[in-house]
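S.K.: here is my input; please provide its structure:
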Amino acid sequence: MLPTQASFPAARPRRLRRTAPLRALVRETTLTVDDLIWPVFVRDGVGLREEVPSMPGVERRSVDLIVEAAAEAADLGIPAICLFPYTDPAFKTERCEEAWNPENLSNRAIRAIKAEVTGIAVMTDIALDPYNINGHDGYVVDGEIVNDETVEALVKMALAQAEAGADILGPSDMMDGRIGAIRTALEAAGKKDVTIMSYAAKYASAFYGPFRDAVGASGALKGDKKTYQMNPANSDEAIRLVARDLAEGADMVMVKPGLPYLDICTRVKETFGAPTFAYQVSGEYAMIEAAARNGWIDGEAAMLESLTAFKRAGCDGILTYFAPRVAGRLQAG
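M.R.: Just a heads-up that it's a prediction; the model follows:
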């Protein structure tokens, strides 16, 4: 129950909105560069960059240019960069062996960044879809995405990334038991300090389409991912899954997508108090950017408003393709 307040005209809430300095003094939520993780797409080659058509302004970069991007992020004060590979179809197989190849794109990019850039954490993605000829996050056997065999592959993938120098592992596959298996394997391999940010509440969303274009998984995907990603109608299930992943050894948890699931972000943070992140996914980014480029909305204002909403909902940080733009904006004041 709210405390008793003076009534109008003694109380005039607009007094505190009258000027920019007054509004700043009573601002409840603040977005800073420390809240940002920048997802980037790495491709093969040297000196190559190509725009993702469904994500205006977002590019795939070769490893050497990913290093430059990491340096840019560090200069802007962005704490972490997250790598996603655009894998040559020739390397996609039923068994996804490229996922744990020490020389795959992600692992080469990790080592290259670590060799040349200081002051930034490197996060990775753990799921089989960039390497799977079927486009799924797990192994497909007789039309079924199998769980336990997939977890064994994900453990190998996690160990390869940890060995390459990753700071944060991001299991995004939504297989049961993978956090515990990965944490156990990391401990056994002497990688006890590697952090896990679990995609604990990842929904089977319609907002992922541009991302699948960016990593080259759209054409490969057969069927949908509803047997392992969450039903968008469910909320209590998210709490159960977050509880499980924290119990299995996750250090941080993520809700994905972002803006359509701010209620889940709030529930997770209020229930567990654990570091809680959200992913402003490709479809969210593409909608804002496309509308802005058509002159339908103020893109810069919408960008900042959307990211502030994550903080207001209780998130400790946001994965967003806007990261370098918003960091530059925040630096400039």
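S.K.: now Leu259, nearest residue through space, not along the chain?
M.R.: The shortest distance from Leu259 to any non-neighbouring residue, by CB to CB, 6 or more residues apart in numbering, is to Glu284 (5.6 Å). Just so you know, the C-beta spots here come from the backbone N, C-alpha and C atoms, and that holds for glycine as well.
S.K.: same deal with Met303?
M.R.: Phe322 (5.0 Å).
S.K.: try Lys202
M.R.: Using CB to CB, 6+ apart and skipping the chain neighbours, the partner closest in space to Lys202 is Lys256 (4.6 Å).
S.K.: so how far is Cys96 from that neighbour?
M.R.: Distance of Lys256 to Cys96, computed by CB to CB, to the nearest Å: 21 Å.
S.K.: then Leu246?
M.R.: 27 Å.
S.K.: who has more neighbours out of those two?
M.R.: Cys96 (28 against 18; other CB atoms under 10 Å).
S.K.: surely that one and Tyr131 touch.
M.R.: Yes. Using CB atoms under 8 Å, Cys96 is in contact with Tyr131, at 4.1 Å.
S.K.: got the CA coordinates for stretch 142-159 in CSV?
M.R.: What follows is stretch 142-159, C-alpha atoms only, in CSV (Å, rounded to 0.1, in the frame of the first residue of the first chain):
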residue,chain,number,x,y,z
ASP,A,142,14.7,-40.2,-36.7
GLY,A,143,13.2,-36.7,-36.7
GLU,A,144,13.6,-36.2,-32.9
ILE,A,145,16.1,-33.8,-31.3
VAL,A,146,17.8,-36.1,-28.8
ASN,A,147,18.9,-34.7,-25.4
ASP,A,148,21.6,-36.8,-23.8
GLU,A,149,23.7,-37.4,-26.9
THR,A,150,23.5,-33.6,-27.6
VAL,A,151,24.7,-32.8,-24.1
GLU,A,152,27.8,-34.9,-24.6
ALA,A,153,28.6,-32.9,-27.7
LEU,A,154,27.9,-29.6,-26.0
VAL,A,155,30.4,-30.6,-23.2
LYS,A,156,33.1,-31.1,-25.9
MET,A,157,32.2,-27.8,-27.4
ALA,A,158,32.4,-26.0,-24.1
LEU,A,159,35.8,-27.5,-23.2
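S.K.: neighbours of the residue lying closest to Arg15 once chain neighbours are set aside, just the number please.
M.R.: Excluding its sequence neighbours, the residue lying closest to Arg15 (CB to CB, 6+ apart) is Leu22, at 7.5 Å. For Leu22, the neighbour count with other CB under 10 Å is 12.
S.K.: quick one: end-to-end distance for stretch 69-82.
M.R.: 11 Å (CA to CA, to the nearest Å).
S.K.: relative to Thr308, how far out is the residue nearest to Arg15?
M.R.: Leu22 is 18 Å from Thr308, by CB to CB.
S.K.: go on, Leu65?
M.R.: Taking CB to CB, one finds Leu65 at 30 Å from Thr308.
S.K.: likewise for Glu68?
M.R.: 29 Å.
S.K.: returning to what we had before: ramachandran angles for the residue nearest to Lys202?
M.R.: The phi/psi pair for Lys256 (degrees, to the nearest 10) reads phi -150, psi 130.
S.K.: that older thread, how close does the residue nearest to Arg15 sit to Ala220?
M.R.: 54 Å.
S.K.: in a strand, Val40, correct?
M.R.: Yes. Secondary structure of Val40 (DSSP: H, G, I helix; E, B strand; the rest coil): part of a strand.
S.K.: can you offset everything so residue one is 40?
M.R.: Renumbered: residue one is now 40, and that last one reads Val79.
S.K.: just list the residues touching it, thanks.
M.R.: Val79 makes contact with Arg100, Ile105, Ala108, Ile120, Cys121, Leu122, Phe123 under the criterion CB atoms under 8 Å, 6 or more residues apart in numbering.
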